[in-house]
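Colleague: Provided below for reference: sequence and predicted model.
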Amino acid sequence: YVPMASQSFRTERAGRSAFLRPSSSSSSSSSSSLSSTWLQAATMPEGATSGATTDSKIGVLFLNLGGPEKSTDVEGFLYNLFADPDIIRLPPFISSLQKPIALAISKRRAPKSREAYNSIGGGSPIVKYTTEQANLISQALASNHNLAVKTYIGMRYWFPFTEQALAEIAEDGIQSLVILPLYPQFSVSTSGSSLRLLQEEFSKEESVVPKSMKHTVVASWYDRPGYVSSVAGLIMQELESFTEEELEKFGPEKHVLFSAHGVPQSYIDNGDPYQAQIQDCVERIGKSLPEDVTVHLSYQSRVGPIEWLRPYTDDVLPELGEQGVKNLVVVPISFVSEHIETLEEIDIEYRELAEESGIENWRRCPALNTDQTFINDMADLVVESLESPTLTVTEACVNNNCIDVKEISQLIDVDKEAKVAERMNGRFAMLGIVSTLLVELASGKSLLHMFGL
Ligand SMILES: C=CC1=C(C)c2cc3[nH]c(cc4nc(cc5[nH]c(cc1n2)c(C)c5CCC(=O)O)C(CCC(=O)O)=C4C)c(C)c3C=C
Ligand SMILES: [Fe+2]
Ligand SMILES: [Fe+2]
């Protein structure tokens, strides 16, 4: 649990800044003409003149996945992850088995996972980095934009849980909340899962947060020039670290491999925008790299026997080796802080595979972590989202196909039948993972182990 006392919070805005009164509304004195952007509505009381401001308490909630901080957390963390219907999708007729299945899979996977966490010091650094990012973004909002906000961290599967963050948000009396998933690209399995949790909470009769609290979501932000240039900047540092001697020895060709986190192919077939956003993201970053650099894209971290997004990183590395690639920078692209899949999977497993494949001059681009260009851009993003029309959690989920429209059919008018049918297909595909488990339980044979679960 991260004590919130460590985060900065000023109830008063640090001063009067112009952005709260954008020029488009500066001559208006009617609150109704301001209703398109919720910050204005939230900060200006009914009938206020454009110059007037009130001190609305603004919060920013950063959503992230979370990770075990010590070895004994691993099984509980895995259970929470596999109990999430956005990670293991079951068809409705066995959905009541979600929890026992999660229990069995987490027990099965825990030793392998624990070993991986032990190899990086026993736990995940996600909370540490996310806390630092939240604090620095809050500082950048104060210094660059004269705006005081309180920041909160809501992890999906481990402490500090999103539910805890919501309780604090309510206790602090936050009136306007920006919800910012720390995943640049949207996937149903990451941002979508966290937003669904919020959607369910906010739509309860007796929600933890008051109905009067306004909120807006930033669903994805991989296409922001600030984000693109901060990643490109980190890649350039790695490319420039190839020495004259190395280039003489291994040749002048430089390659960059973007290794994105994978998702099951069935998610994409059912409307997850993730792959399209990854491709667009890689294209944008690739364009800001020197022309003599060759760019590749692959997907890592697959789990279970079903088809995931291809090509797989562990297939591409040997292929690059065969093609004679020697100078390679590997870039983790789906996440903004170091975690087990950068520190263990890329730095240990893939590095070893690359060496075996003859890729002799290896670099790994660090995750953004506390990169200052990135932090400043995230602060700008918060301000821009405050000035823009709101996007509610429900709208963000529906726009990105991560909500069963049947569940919210009262709220939103869409073609229910078609959407529900599409989701069912994805759920049957996930039966691949689950039926393997059931066969294993019945036969006593370790099929899941064979498949890496
Ligand atoms: C089984 C399905 C999984 C999907 C789909 C998935 C998508 C996905 N995950 C991340 C980022 C992270 N995943 C992390 C841990 C983790 N994820 C899965 C499974 C799926 N992920 C498992 C089983 C685990 C546990 C670790 C393990 O045993 O391998 C983490 C936490 C890392 C940490 O340091 O603790 C992150 C981060 C993305 C971005 C993504 C889809 C886009
Ligand atoms: Fe993973
Ligand atoms: Fe994951």
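Modeller: Ah, there it is. Numbering: from 1, shown residues only. Ligands and ions are numbered 1, 2, ... in the order given.
Colleague: then residue 296 would be within a strand, right?
Modeller: Yes. Assessed with DSSP: H, G, I helix; E, B strand; the rest coil, residue 296 lies in a strand.
Colleague: doesn't residue 260 make contact with it?
Modeller: No. Counting by Cβ atoms under 8 Å, residue 260 is not a contact partner of residue 296; they are 11.1 Å apart. C-beta: built from backbone N, CA, C; applies to glycine.
Colleague: more crowded one of the two?
Modeller: Of the pair residue 296 and residue 260, residue 260 is the one with more neighbours under other Cβ atoms under 10 Å, namely 25 against 21.
Colleague: contact residues of the stretch 151-300 of the chain facing ligand 1?
Modeller: Applying Cβ under 6 Å from any ligand atom, we find that the stretch 151-300 of the chain lies next to ligand 1 at 183, 187, 189, 190, 261, 263, 274.
Colleague: now, which of those residues sits nearest residue 373?
Modeller: residue 183 (18.6 Å; Cβ to Cβ).
Colleague: so how many other residues sit close to that closest one?
Modeller: A count of nearby residues for residue 183, using other Cβ under 10 Å, gives 25.
Colleague: now the helices: where do they sit in the stretch 101-250 of the chain?
Modeller: In the stretch 101-250 of the chain, the segments counted as helices under DSSP state H, counting those that start in this stretch are 126-145, 162-171, 191-202, 225-240, 244-250.
Colleague: re the thing from before, would you list the residues of the stretch 151-300 of the chain next to ligand 1 in CSV and tack on pLDDT?
Modeller: Shown next, in CSV, are those (pLDDT from 0 to 100):
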residue, pLDDT
183, 98
187, 97
189, 96
190, 97
261, 97
263, 95
274, 98
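Colleague: for stretch 352-370, C-alpha coordinates in PDB please.
Modeller: In PDB, the C-alpha atoms belonging to stretch 352-370 read as follows (Å, rounded to 0.1, in the frame of the first residue of the first chain):
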ATOM      1  CA  GLU A 352      20.100 -14.800 -24.100                       C
ATOM      2  CA  LEU A 353      18.100 -15.900 -27.100                       C
ATOM      3  CA  ALA A 354      19.600 -13.000 -29.100                       C
ATOM      4  CA  GLU A 355      23.100 -14.000 -28.200                       C
ATOM      5  CA  GLU A 356      22.400 -17.600 -29.100                       C
ATOM      6  CA  SER A 357      21.000 -16.300 -32.500                       C
ATOM      7  CA  GLY A 358      24.200 -14.400 -33.200                       C
ATOM      8  CA  ILE A 359      22.900 -10.900 -32.400                       C
ATOM      9  CA  GLU A 360      26.100  -9.800 -30.800                       C
ATOM     10  CA  ASN A 361      25.600  -6.100 -30.200                       C
ATOM     11  CA  TRP A 362      22.500  -5.800 -28.000                       C
ATOM     12  CA  ARG A 363      20.900  -2.800 -26.400                       C
ATOM     13  CA  ARG A 364      17.600  -2.500 -24.500                       C
ATOM     14  CA  CYS A 365      15.900   0.900 -24.500                       C
ATOM     15  CA  PRO A 366      14.800   1.800 -21.000                       C
ATOM     16  CA  ALA A 367      11.100   2.300 -20.300                       C
ATOM     17  CA  LEU A 368      10.100   6.000 -20.000                       C
ATOM     18  CA  ASN A 369      10.000   5.900 -16.200                       C
ATOM     19  CA  THR A 370      10.600   9.400 -15.000                       C
END
